[in-house]
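Asker: based on what follows, work out the 3D shape:
(chains A and B)
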Amino acid sequence: MTTFEELKSDWDNQPKQNPPRGGSELIVQKINGLKRKQWITNIVLLITVLILIGFFFYVEAYNNTTVTFALFLMVSSLLVRIIIEYFSIKKLQEIDVTVNSSVFNDNIIAYYKKRIRTHYIITPIIIILYSLGFILLLPSFKKYLSEGFYTYIIFSAIIILIIMVLFFRKQIKKELSIVKGL
Amino acid sequence: MLENQFKSVYEANYPKVIRLCLGYTNGDTILSKDLAQEIFIKVWQNLKFFRNQSSISTWIYRIAVNTCLLELRKKGTVRLSNQLNHLEQSNDNFSEEKEAKLKQLYKCISSLKTESKSIILLELEGLPQKEIAEIMGLSHEVIRVRIHRIKIELTKCVKK
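Answerer: As a prediction, the model looks like this:
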């Protein structure tokens, strides 16, 4: 007859897993790598914003109100999405893992619920604003671009939109399953 | 100085942490090593805030339980390993019967509810119930009753 003590003895008799050689140094190196990556992300974000602003002035977009407005809609909606995601990931990393499991669970559930609210409310608004900006740009595209390229832009935009919607749908589904499992 | 402290904490606690991870990942060595690395990254990041309010090992177990649960949730379901690699990689001779018994134990642990899994893994690691209660954020009494129930459930499952 199997008793729990026998199970415990089987568990205890598993071979001891020794730490890999130089393991602690590797962890410290990895953390420094993560910090560098964070730095690079910040710089890339900053450069992107600067390029967009520069481009705006370079093409003198401010002379055409519709184009300015359309570009503003597209760029700002994308930027808002990136900034929300950036701070959301940062917030997840900042959740205290040293608290007891019940408190940690509550904090994680609150975090994911907030994220799901963001997905349900802000993400559709962002997609609509981005699409609206694109639609407003269409007359300018038609005026200045060849017919073939114009058709290509429309088709590729539709494909990008579908991919974006599918991607967000997958993300929402995944995060909902995380909340359910907690 | 912090680096030296981390090194000794790492060396002393790695075997316990990896074994706990194996329990969560159904014996998947690669996944367990990844999880252990993630846990020690968090240990390093929080070590300067550790205030000796609990023992360092209880503190590490708290980080380990929380990290394992969150990371495994993010990854989705973990399939049961066909082979317990950590047994095969060891120099000790493990009889087929022993390996089969352990495999069954892992399988039964994986069938438990998330919270029960954490509790019984800590119990199997030999932690006092008071410490398990502290890690889980539940009262000592609740833990006592839960351990009793899970032990019966697990023993029944292994016998099947």
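
Asker: return the set of buried residues in the helix or strand A:Phe155 falls within.
Answerer: According to DSSP states H and E, A:Phe155 maps onto helix A:147-181. Neighbour counts over helix A:147-181 (16 or more other C-beta atoms under 10 Å in any protein chain shown) mark A:153, A:157, A:164, A:168, A:172, A:175, A:178-179 as buried. From N, CA and C alone the C-beta is placed, and that goes for glycine too.

Asker: okay, those in a markdown table with distance to B:Cys68 next?
Answerer: Putting the buried residues of helix A:147-181 into a markdown table (distance: C-beta to C-beta, whole Å) gives the following:
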| residue | distance to B:Cys68 |
| --- | --- |
| A:Ile153 | 47 |
| A:Ala157 | 43 |
| A:Met164 | 33 |
| A:Phe168 | 28 |
| A:Ile172 | 24 |
| A:Glu175 | 19 |
| A:Ile178 | 14 |
| A:Val179 | 18 |
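
Asker: would JSON lines of those residues with distance to chain B and pLDDT be doable?
Answerer: As requested, the buried residues of helix A:147-181 are exported to JSON lines (distance: C-beta to the nearest C-beta, whole Å; pLDDT from 0 to 100):
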{"residue": "A:Ile153", "distance to chain B": "37", "pLDDT": "87"}
{"residue": "A:Ala157", "distance to chain B": "32", "pLDDT": "87"}
{"residue": "A:Met164", "distance to chain B": "22", "pLDDT": "83"}
{"residue": "A:Phe168", "distance to chain B": "17", "pLDDT": "82"}
{"residue": "A:Ile172", "distance to chain B": "14", "pLDDT": "81"}
{"residue": "A:Glu175", "distance to chain B": "9", "pLDDT": "78"}
{"residue": "A:Ile178", "distance to chain B": "5", "pLDDT": "75"}
{"residue": "A:Val179", "distance to chain B": "9", "pLDDT": "72"}
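
Asker: now do the nearest residue to B:Leu69 once chain neighbours are set aside against B:Gln104, distance only.
Answerer: Counting by C-beta to C-beta, 6 or more residues apart in numbering or on different chains, B:Leu69 lies nearest to B:Thr114, which is 6.3 Å off, once chain neighbours are set aside. To B:Gln104, B:Thr114 is 20 Å away according to C-beta to C-beta, to the nearest Å.

Asker: before we move on, what about B:Gln53?
Answerer: B:Gln53 is 39 Å from B:Gln104, by C-beta to C-beta.

Asker: what about those two, which has more around it?
Answerer: The residue with more neighbours, out of B:Gln53 and B:Gln104, is B:Gln104; 17 against 8, by other C-beta atoms under 10 Å in any protein chain shown.

Asker: quick check: what element follows the helix or strand harbouring the more buried one along the chain?
Answerer: In this assignment (DSSP H and E), B:Gln104 forms part of helix B:96-110. Downstream of helix B:96-110, the first helix or strand assigned by DSSP H and E is helix B:114-124.

Asker: show me what that next one is packed against.
Answerer: Here helix B:114-124 touches helix A:4-12, helix B:2-24, helix B:56-75, helix B:96-110, helix B:129-136, helix B:140-159, going by 3 or more C-beta pairs under 8 Å, 6 or more residues apart in numbering or on different chains; DSSP states H and E.

Asker: so which of those is nearest A:Phe141?
Answerer: Closest to A:Phe141 of these is helix B:56-75 (C-beta to C-beta; 40.6 Å).

Asker: which residues sit against the closest one?
Answerer: A:97-101, A:104-105, A:108, A:178, A:181-182, B:9, B:13, B:16-17, B:20-21, B:24-25, B:31, B:35, B:38-39, B:42-43, B:46, B:50, B:54, B:78, B:114, B:118, B:122, B:125, B:127, B:131, B:134-136 (C-beta atoms under 8 Å, 6 or more residues apart in numbering or on different chains).

Asker: so the host helix or strand of A:Asp106 versus helix B:114-124, what angle?
Answerer: Secondary structure assignment for A:Asp106, by DSSP H and E: helix A:101-144. Interaxial angle of helix A:101-144 relative to helix B:114-124 (axes from the mean of the first three to the mean of the last three C-alpha atoms, to 10 degrees): 130 degrees.

Asker: which helices and strands sit right next to helix A:101-144?
Answerer: helix A:65-94, helix A:147-181, helix B:56-75, helix B:129-136.

Asker: pull the distance from it to the chain's centre.
Answerer: Mean-position distance between helix A:101-144 and its chain equals 10 Å (C-alpha atoms, centre = their mean, to the nearest Å).

Asker: so for it, mean pLDDT?
Answerer: For helix A:101-144, mean pLDDT rounds to 88.

Asker: now do that helix against helix B:129-136, angle only.
Answerer: Going by the same axes, to 10 degrees, helix A:101-144 makes 20 degrees with helix B:129-136.

Asker: dump the residue contacts of residue 24.
Answerer: You didn't say which chain, so I picked chain A. A:Ser24 sits in contact with B:3, B:6-7, B:10-11, B:40, where contact means C-beta under 8 Å, 6+ apart.

Asker: wait, chain B
Answerer: Applying C-beta under 8 Å, 6+ apart to B:Tyr24 gives the contacts B:32, B:35, B:68-69, B:72, B:78, B:117, B:121.
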